[in-house]
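K.L.:
quick one, what's the 3D model for this:
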Amino acid sequence: MTKNLLLLALIGLGISYFAESAAAQYVPLRSAPNSRTQSFYQPSRPVLPNALNYFRGNVGQTDAYHAFVQPRAQLERTLLSQQRQLNFVTRQEQTNNRDLRNLENGLTQPLISPTGQHAQFMNFGGYFPGLSR
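P.N.:
Numbers count the residues shown, from 1 in each chain. Purely as a prediction, here's the structure:
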């Protein structure tokens with residue numbers, strides 16, 4: 001029993017001697033720019049959302065949400081709706097232009113297909129071989 005306890009104590013001392021401090025969640029503190037003694041934590045991203053404009057002075061009687069966030073969201077919805085309408089009108093115009101080109105191509109082609117025989121005005125020579133001018 002004492003042998004096992006002694007072996008366990010030696011293993012524990014060996015592990016503690018070679019082990020380093022765990023730093024998985026450790027964030028090193030940076031010193032403040034004006035002072036050498038103070039340290040502060042600087043997060044990697046902003047803590048407060050920029051959309052709420054917390055530090056804006058001219059908020060007025062309403063809170064930041066109704067003064068800035070709601071109008072911005074309403075503007076985004078309006079712009080999105082207008083963009084959808086513009087896309088719809090653009091697709092409709094492209095369809096109309098394609099139909100118009102197809103219609104123009106149909107009008108430039110002759111409505112009567114050629115027969116392979118030439119024709120002249122008042123050419124009755126084939127019917128009346130005796131008449132010649």
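
K.L.:
looking at residue 124 now. What's its pLDDT?
P.N.:
In the predicted model, residue 124 carries a pLDDT score of 68.

K.L.:
where does this protein have low pLDDT?
P.N.:
For the chain, applying pLDDT under 70 flags the ranges 17-40, 51-54, 57, 59-60, 62, 64, 108-121, 123-125, 131-133.

K.L.:
name the residues of the longest helix seen in it that are buried.
P.N.:
Criterion DSSP state H: the longest helix present in the chain is helix 70-108. Within helix 70-108, no residue is scored as buried using 16 or more other CB atoms under 10 Å. In short, each C-beta sits where N, CA and C put it, glycine included.

K.L.:
and the gap between residue 69 and residue 63?
P.N.:
Between residue 69 and residue 63 the computed distance is 9 Å (CB to CB, to the nearest Å).

K.L.:
ditto for residue 14
P.N.:
Applying CB to CB, the value for residue 14 to residue 63 is 61 Å.

K.L.:
so what's the residue count around residue 128?
P.N.:
8 (other CB atoms under 10 Å).

K.L.:
for it, helix, strand, or coil?
P.N.:
Secondary structure state of residue 128, per DSSP: H, G, I helix; E, B strand; the rest coil, is coil.

K.L.:
show me the contacts for it.
P.N.:
Not one residue lies near residue 128 by CB atoms under 8 Å, 6 or more residues apart in numbering.

K.L.:
measure it to residue 122 for me?
P.N.:
Where residue 122 is concerned, residue 128 sits at a distance of 11 Å (CB to CB).

K.L.:
over to residue 65?
P.N.:
Relative to residue 122, residue 65 is positioned 89 Å away (CB to CB).
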